[in-house]
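Novice: missing the sequence, but the structure's below:
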């Protein structure tokens, strides 16, 4: 008999299993990076976020459903890392509102909580784009409502949620061209699916990803959900294939056969049953092949060409409009920047926005979004430490600056500019909302300006600004350290923090910058094919500027693509480069740019051999 309802203890156990399952698939999710760069971290960020939420929930004394949900919401809020983590925290925040006041909940309650969670997540992004984590949570919630109205069993509703999430993730490349070109599904959506999957496994009495010897993690592997980039759409065919008696299924053989028939192949399961997903122009052939091996169920065939022509943005707009009915505190509204692990926000994994290139307007003084609705906690930097300033300690004149910096050399530069607090981090090491909040409180000023210096840190920084009650905190949306340095030069200590945001943002965006790294896999970026091992140059919005098998030639191509009129080029060399190498290429750049001054600076940043700016 299906489980009908769940209490606080059951919710905690299900969430614990969800976190275990996500951890077991961290490498899988990290590998779903749109760009073939060596810093995919969506899985790591989402796991850090939900682990902080689990720690908070496990410390709760009053184990009711509402109290556990609130603790999960607060823990994920403070522990959110990267854009995927911030959006996940918004989903949990909405779900906590949906479960408010309940000691236990049933299937309808869960469906309602998922719906509020989806609306809250949409409301947290300035311009939602379909084909991301947002689509996955929305379609999962919609399926949960349909299931709950037929059967109020919580297990039945969660099973429908998991199935819808899996199908939605597999469909993301048909909704977002950048995913289709890269040959991957949305990584943030895949993370949400793994969370739901883990909870369902526990609720059905199965074992979680935690083993007797501790937690396990699957080895990294290319995505099986989208094995190849689609050139077109065609039909999406899915079904469950069950083996005939005495005729076990050969997973590898089935996958090989389907890959010969179509694209975006998924084959998952074992010798007894397989879940099949494939895109091609002949769904009848795919179904006939399955019938030759066993019995089929849950057959689904959809015309992707028609889907592509659907006005999906209208659905997103309609859905977002409904978020207006959600209580203001439910959203913890995040004005979306863009970001490292979110495609379209900087195609790295889940939330797609188009606000990234717009200079941010100076925000008004912001009050925390219903921060008082959360329980007091000393975790995740949410409470002062002995090192934090007290009201009696002197504060500096004008706003203080907090900068997120990756690399020893870059950290020293920001220190020389008088930055009050430096938080080490960046891509693959995104600081959490709680860490940013703690460091902002350490700054000895009544107003604080945060320089995230990375698109994937911006949402967490903005979330920290919204929940900081004792100081006014604003964010200047710098996308790399070079923009951060330019922004510092524009800081006017006689103005307040909000008045500085506009000029500092403009100064950062006034630079032309690109970063140089090495492709870690074959990919197609904006119609250009990139091979593993080639050097690629990416602009601050992760657009491909240049690619070449020869490192120097790739850099020269990127420099040649800069708008003319610059007088100074600064080359920050990273941890993978040497001073001699950097000096040599700097001389060549100077010779190729009609005598522009080229300055070499030790940055020490990981993953990116060079960060180059022109002004």
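Specialist: Great, that's in hand. Bear in mind that the values here come from a model prediction, so they are computed numbers and not experimental data.
Novice: phi, psi for the residue of the chain positioned farthest from its centre please.
Specialist: No residue in the chain sits farther from the centre than residue 246, which is 44.5 Å out by CA atoms, centre = their mean. Dihedral pair for residue 246: phi 80, psi 10, per degrees, to the nearest 10.
Novice: then the one 4 residues further on?
Specialist: The phi/psi pair for residue 250 (degrees, to the nearest 10) reads phi -100, psi 100.
Novice: quick check: chain neighbours aside, which residue is closest to it?
Specialist: In space, residue 250 comes closest to residue 271 once its chain neighbours are excluded; the distance is 7.6 Å by CB to CB, 6 or more residues apart in numbering. To be clear about C-beta, it is placed using only N, CA and C from the backbone, and glycine gets the same treatment.
Novice: would you agree the one you found is in contact with residue 247?
Specialist: No. Counting by CB atoms under 8 Å, residue 271 does not reach residue 247; the two are 9.4 Å apart.
Novice: so the residue farthest from the centre of the chain versus residue 272, what's the distance?
Specialist: 12 Å (CB to CB, to the nearest Å).
Novice: mind listing the strands for the stretch 351-500 of the chain?
Specialist: Taking DSSP state E, counting those that start in this stretch to define them, one finds strands in the stretch 351-500 of the chain at 400-405, 421-424, 447-451, 472-475.
Novice: now do the third one: which elements does it pack against?
Specialist: It refers to strand 447-451. In this structure, strand 447-451 makes packing contacts with strand 400-405, helix 433-442, helix 455-467, strand 472-475, helix 481-489, helix 497-509, judged by 3 or more CB pairs under 8 Å, 6 or more residues apart in numbering; DSSP states H and E.
Novice: swap in the first one?
Specialist: Of the remaining helices and strands, those touching strand 400-405 by 3+ CB pairs under 8 Å, 6+ apart are helix 408-416, strand 421-424, helix 433-442, strand 447-451, helix 481-489.
Novice: quick one: distance of the last one to the chain centre.
Specialist: By that I understand helix 481-489. 25 Å (CA atoms, centre = their mean, to the nearest Å).
Novice: same question for it, mean pLDDT?
Specialist: Average pLDDT, helix 481-489: 95.
Novice: okay, and the common contacts of residue 271 and residue 247?
Specialist: Shared contacts of residue 271 and residue 247 (CB atoms under 8 Å, 6 or more residues apart in numbering): none.
Novice: hmm, residue 402 is touching residue 425, no?
Specialist: No. At 11.5 Å, residue 402 and residue 425 do not qualify as touching, with contact defined as CB under 8 Å.
Novice: out of those two, which sits in the busier spot?
Specialist: Using other CB atoms under 10 Å, the more surrounded residue of residue 402 and residue 425 is residue 402, with 27 against 22.
Novice: contact partners for the more buried one?
Specialist: Contacts of residue 402 by CB under 8 Å, 6+ apart are 419-423, 436, 439-440, 443, 448-451.
Novice: how much space separates it from residue 446?
Specialist: 14 Å.
Novice: confidence score at residue 28?
Specialist: 92.
Novice: what's the burial count for it?
Specialist: Around residue 28 there are 23 residues (other CB under 10 Å).
Novice: again, but for the one 4 residues further on
Specialist: Look at residue 32: counted by other CB under 10 Å, it has 31 neighbours.
Novice: look at it and give its secondary structure.
Specialist: Following DSSP: H, G, I helix; E, B strand; the rest coil, residue 32 is assigned to coil.
Novice: so it touches residue 189, yeah?
Specialist: No. In terms of CB under 8 Å, residue 32 does not count as a neighbour of residue 189; the distance is 9.2 Å.
Novice: hang on, the earlier thing: can you add neighbour count, distance to residue 596 and pLDDT and give the contacts of residue 402 back as JSON lines?
Specialist: Shown next, in JSON lines, are these (neighbours: other CB atoms under 10 Å; distance: CB to CB, whole Å; pLDDT from 0 to 100):
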{"residue": "419", "neighbour count": "22", "distance to residue 596": "28", "pLDDT": "93"}
{"residue": "420", "neighbour count": "20", "distance to residue 596": "34", "pLDDT": "92"}
{"residue": "421", "neighbour count": "20", "distance to residue 596": "34", "pLDDT": "93"}
{"residue": "422", "neighbour count": "18", "distance to residue 596": "30", "pLDDT": "93"}
{"residue": "423", "neighbour count": "25", "distance to residue 596": "33", "pLDDT": "92"}
{"residue": "436", "neighbour count": "34", "distance to residue 596": "37", "pLDDT": "94"}
{"residue": "439", "neighbour count": "22", "distance to residue 596": "37", "pLDDT": "93"}
{"residue": "440", "neighbour count": "27", "distance to residue 596": "38", "pLDDT": "93"}
{"residue": "443", "neighbour count": "24", "distance to residue 596": "37", "pLDDT": "91"}
{"residue": "448", "neighbour count": "27", "distance to residue 596": "36", "pLDDT": "96"}
{"residue": "449", "neighbour count": "30", "distance to residue 596": "31", "pLDDT": "97"}
{"residue": "450", "neighbour count": "31", "distance to residue 596": "32", "pLDDT": "97"}
{"residue": "451", "neighbour count": "29", "distance to residue 596": "26", "pLDDT": "97"}
